[in-house]
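**Q** Starting from these lines, generate the structure:
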Amino acid sequence: MIDTPAPGNAATSQQSGRSRLRARPRWAALSESTATRAIFALLTVWCFSYLLAVVLLRLSRGGKVNGADGTLPEDQLFYMGWIRDASESLLISNRWDLADTSNVFLHPMYALSGLLARLGLDVELSYLLWKPVAVVVLFAGFAAYVRRMLPPGRPRIAALLVALFFFPPASVFVAFPPFSNEVESQMGSIARELSAAQMLWGYHHAAIALGLMPVFLLGAERLLERRGSSQKALLLGTSAAGLAVSWLHPWQGLTLLLMIGGLAFWGRLSRRYMALLIPALATSAPLVYFWALARFDDSWRRAEEGNAFLRADPWVVALALAPLALLAVLEYRRGPHGDSERLLLLWPPAVVALYVASILAGLYPLHAIEGVTLPLAILTVRGALRLRLAPTLAVFGVVVLTLPVAAFGARHISRVARGDAPRDAVAATHLYTEDEWRALQHLDRAPQSGGVLAPAGIAVGVPAFTGRKTWVGQPTWSPDFDSRWRQAEALFDGQLGTEEARRFVRATGAGFLLSDCRGRVALEPVLGPLVVDVARFGCAAVYRVRPAGE
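**A** Down below sits the predicted model:
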């Protein structure tokens with residue numbers, strides 16, 4: 001029987017109810033739709049914050065914004081080099097080596113950017129146009145998957161925040177003893193890979209791939225349930241999503257294939273899983289393409305081998321993921337499971353399997369963990385619901401899992417805006433000086449053919465802004481990178497004798513030398529007749545090398 005208040009106590013009961021409502025914290029009354037829009041706004045601000053810091057630095061110090069907007073600007077300059085190459089020949093070659101290389105790689109995003117560059121748009125703008133696309137796709141994909149897998153309200157809000165902005169709390173305390181600098185460096189690399197939001201800082205293709213993974217999984221679920229107004233349209237959309245994921249970031253395509261394979265085996269290879277055959281084949285196609293490139297093209301083979309040393313100790317990875325895994329494991333004790341539940345539960349084990357396989361195959365294993373925060377966040381929220389954690393404790397957990405990324409972002413952005421971000425001889429910068437930019441433009445317009453020898457910091461951007469090859473510039477695409485950048489630094493810093501410098505320049509086969517604004521010496525006295533002419537632009541200079549045989 002339901003008790004009803006006595007008439008005389010109605011006013012008291014009503015007043016007590018209003019008091020309870022007033023006592024609720026404001027965040028508890030926040031609607032899901034309002035919170036979701038706020039998260040999207042926050043993600044958008046994050047997406048453009050680094051670029052804004054670079055622009056502020058340019059306004060205070062002058063120079064030329066080169067389009068790089070991440071913590072490793074050499075990576076973005078590398079992608080812009082691909083765009084410049086695609087603008088001229090559609091297919092991409094290795095322009096960070098003066099040896100003859102073939103145009104063999106078609107990149108779906110950067111081919112479109114290359115078309116825009118061919119039509120007259122600046123290379124850096126054709127690259128940055130993917131930024132708004134990336135933030136929308138990443139957010140929409142994650143939000144759709146969270147809506148599918150969690151009940152309405154605060155569970156969805158919490159999971160979406162953690163999935164997008166997770167940053168390992170362990171990254172804070174590994175900066176102190178007894179942990180070594182190596183462990184701190186590894187944790188930093190892991191944190192960059194785990195944070196989906198950080199993909200929006202210069203890794204637009206990876207962010208789009210992460211956002212399309214849930215699209216593929218939701219489409220696969222509907223195909224198995226034979227739902228949807230148009231089965232052909234659903235099949236096409238799911239296949240296209242899988243194709244794009246693998247083409248943009250093959251590790252995530254492999255993750256999807258492992259999940260689909262695991263689902264089929266979990267279902268005892270029932271014939272109903274044949275509905276996923278075409279999407280699986282579409283997801284596999286780019287992986288076969290990448291496999292062929294690494295087997296039949298020297299540059300791609302070297303790039304694959306160059307990534308083999310970039311790894312982290314498994315225990316450091318486990319330490320980074322531990323806060324999410326502790327509650328997530330509770331969901332593996334539930335059953336029975338439908339297709340959507342099985343795919344969710346298969347996601348983290350697929351990532352672990354791919355991580356181990358990448359180490360064994362000599363690939364870069366940390367790319368395998370990208371996107372795993374989405375399933376782990378959902379499973380963690382479910383685990384919290386099972387334990388019936390107090391709302392205040394749940395909010396504290398979300399803050400602990402996401403606040404470090406805010407501190408990390410604020411630190412980096414403030415340092416960039418002030419112009420005191422760390423840099424070394426290898427690292428590229430977000431700005432070129434006016435003199436460096438005029439030197440690059442001179443190389444772009446020079447009628448003579450020939451590749452460029454330059455210090456690695458500026459050399460990585462040479463293909464993007466001059467269309468020329470460079471002798472050194474990108475660690476995994478320039479052969480013997482460590483040796484080459486040291487030799488280039490020694491030349492431009494005046495550490496080589498006359499005969500040694502001349503032999504070195506002639507051996508590279510470069511047609512031009514590009515000197516940046518990092519206090520370099522004049523090379524005419526050292527190189528002598530090897531230099532045909534010099535174009536000086538303040539602190540930067542372009543030397544034209546006499547062709548062999550003249």
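**Q** Please look at residue 174 and residue 184 and confirm they touch.
**A** Yes - if you go by C-beta atoms under 8 Å, residue 174 and residue 184 touch, sitting 5.1 Å apart. (Glycine included, C-beta is placed from N, CA and C.)
**Q** out of those two, which sits in the busier spot?
**A** residue 174 (21 against 15; other C-beta atoms under 10 Å).
**Q** From residue 320, how far off is the more buried one?
**A** Using C-beta to C-beta, to the nearest Å, we find residue 174 at a distance of 9 Å from residue 320.
**Q** ok, now residue 363?
**A** 19 Å.
**Q** got it, and residue 98?
**A** Note on residue 98: its distance to residue 320, by C-beta to C-beta, is 40 Å.
**Q** same deal with residue 50?
**A** 22 Å.
**Q** quick one: which of residue 98 and residue 320 has more around it?
**A** A count of neighbours by other C-beta under 10 Å puts residue 320 above the other of residue 98 and residue 320, at 26 against 21.
**Q** wait, that one sits on residue 170?
**A** Yes - with contact defined as C-beta under 8 Å, residue 320 counts as touching residue 170 (5.6 Å).
**Q** can you list residues touching both of these two?
**A** Here residue 320 and residue 170 have residue 187 as joint contacts, going by C-beta atoms under 8 Å, 6 or more residues apart in numbering.
**Q** Tell me the buried residues in the helix ranked longest in the chain?
**A** Counting by DSSP state H, the longest helix found in the chain is helix 32-61. Applying a neighbour-count criterion of 16 or more other C-beta atoms under 10 Å, one finds 35-36, 39-40, 42-44, 46-51, 53-55, 57-58 buried in helix 32-61.
**Q** How far away from the center of its chain is stretch 405-419?
**A** Centroid displacement of stretch 405-419 relative to its chain, using C-alpha atoms, centre = their mean, to the nearest Å, is 18 Å.
**Q** swap in stretch 135-148?
**A** Its chain's C-alpha centre and that of stretch 135-148 lie 17 Å apart, by C-alpha atoms, centre = their mean.
**Q** Residues contacting that stretch, please?
**A** 36, 39-40, 43-44, 47, 156, 159-160, 163-164, 196, 199-200, 207-208, 210-215, 217-218, 221, 340, 374, 377-378.
**Q** Tell me which of those residues fall in helices.
**A** Using DSSP H, 36, 39-40, 43-44, 47, 156, 159-160, 163-164, 207-208, 210-215, 217-218, 221, 340, 374, 377-378 are the members of the contacts of stretch 135-148 that sit in helices.
**Q** So the residue lying closest to residue 68 once chain neighbours are set aside versus residue 370, what's the distance?
**A** In space, not counting the residues next to it along the chain, residue 68 is nearest to residue 76; the distance is 3.9 Å by C-beta to C-beta, 6 or more residues apart in numbering. Using C-beta to C-beta, residue 76 is found at 17 Å from residue 370.
**Q** Mind jotting down where the strands sit in the stretch 51-200 of the chain?
**A** 64-65 (DSSP state E, counting those that start in this stretch).
**Q** Which parts of it are helices?
**A** 73-89, 108-118, 123-128, 130-149, 154-165, 170-173, 181-194 (DSSP state H, counting those that start in this stretch).
**Q** which residues sit against the last one?
**A** By C-beta under 8 Å, 6+ apart, the surrounding residues in contact with helix 181-194 are 71, 166-168, 170-171, 174-175, 198, 310, 312-313, 316-317, 319-321, 366-367, 369-370, 372-373, 404, 408.
**Q** which of those are buried?
**A** So, by 16+ other C-beta under 10 Å, the buried ones in the contacts of helix 181-194 are 71, 166-168, 170-171, 174, 198, 312, 316-317, 319-321, 366-367, 369-370, 372-373, 404, 408.
**Q** which intervals of the protein have sub-threshold pLDDT?
**A** Judged by pLDDT under 70, the chain has its weakly predicted residues at 1-30, 227-229, 306-311, 336, 417-426, 549-550.
**Q** and the helix or strand that contains residue 525, what does it pack onto?
**A** Using DSSP states H and E, residue 525 sits in helix 524-527. If contacts are counted by 3 or more C-beta pairs under 8 Å, 6 or more residues apart in numbering; DSSP states H and E, helix 524-527 sits against helix 498-508.
**Q** Past the helix it packs on, which element shows up next along the chain?
**A** Criterion used, DSSP H and E; the element after helix 498-508 is strand 512-515.
**Q** which other residues reach that following strand?
**A** With contact meaning C-beta under 8 Å, 6+ apart, strand 512-515 is reached by 439-440, 443, 446, 448, 450-455, 458-459, 462, 468, 492, 505, 523, 531, 540-545.
**Q** Now intersect those with the helices, please.
**A** Among these, the members falling in helices (DSSP H) are 439-440, 443, 458-459, 462, 492, 505.
**Q** Show me what the strand or helix carrying residue 416 is packed against.
**A** Using DSSP H and E, residue 416 maps to helix 391-418. Under the contact definition 3+ C-beta pairs under 8 Å, 6+ apart, helix 391-418 sits against helix 32-61, helix 154-165, helix 170-173, helix 314-328.
**Q** Mind listing residues that contact the shortest one?
**A** When contacts are taken as C-beta under 8 Å, 6+ apart, the neighbours of helix 170-173 outside the stretch itself are 179, 187-188, 191, 319-320, 322-323, 404, 408.
**Q** And the furthest pair within those residues?
**A** Farthest apart among those by C-beta to C-beta are 322 and 408. That separation is 18.5 Å.
**Q** tell me the contacts of residue 284?
**A** 246, 253, 257.
**Q** helix or strand right after the host helix or strand of it?
**A** In the assignment (DSSP H and E), residue 284 maps to helix 277-296. Using DSSP H and E, the helix or strand that follows helix 277-296 towards the C-terminus is helix 298-306.
**Q** now that following helix against helix 277-296, angle please.
**A** Put simply, helix 298-306 runs at 100 degrees to helix 277-296, going by axes from the mean of the first three to the mean of the last three C-alpha atoms, to 10 degrees.
**Q** distance between helix 298-306 and the chain's centre?
**A** In terms of C-alpha atoms, centre = their mean, the centre of helix 298-306 is found 20 Å from the chain centre.
**Q** Run through who's touching that helix.
**A** Helix 298-306 has contacts (C-beta under 8 Å, 6+ apart) with 93-94, 97, 101, 104-105, 293-295, 362-363, 475-477, 479, 481.
**Q** quick one: which of those residues is most hemmed in?
**A** So for the contacts of helix 298-306 (other C-beta under 10 Å), the most neighbours sit at residue 94, 26 neighbours.
**Q** Now do the residue nearest to that one when sequence neighbours are not counted against residue 95, distance only.
**A** In space, residue 94 comes closest to residue 299 once its chain neighbours are excluded; the distance is 3.6 Å by C-beta to C-beta, 6+ apart. Distance, residue 299 to residue 95, using C-beta to C-beta: 10 Å.
**Q** Overlap of the contact sets of these two?
**A** Taking C-beta under 8 Å, 6+ apart as the criterion, residue 299 and residue 95 both touch residue 101.
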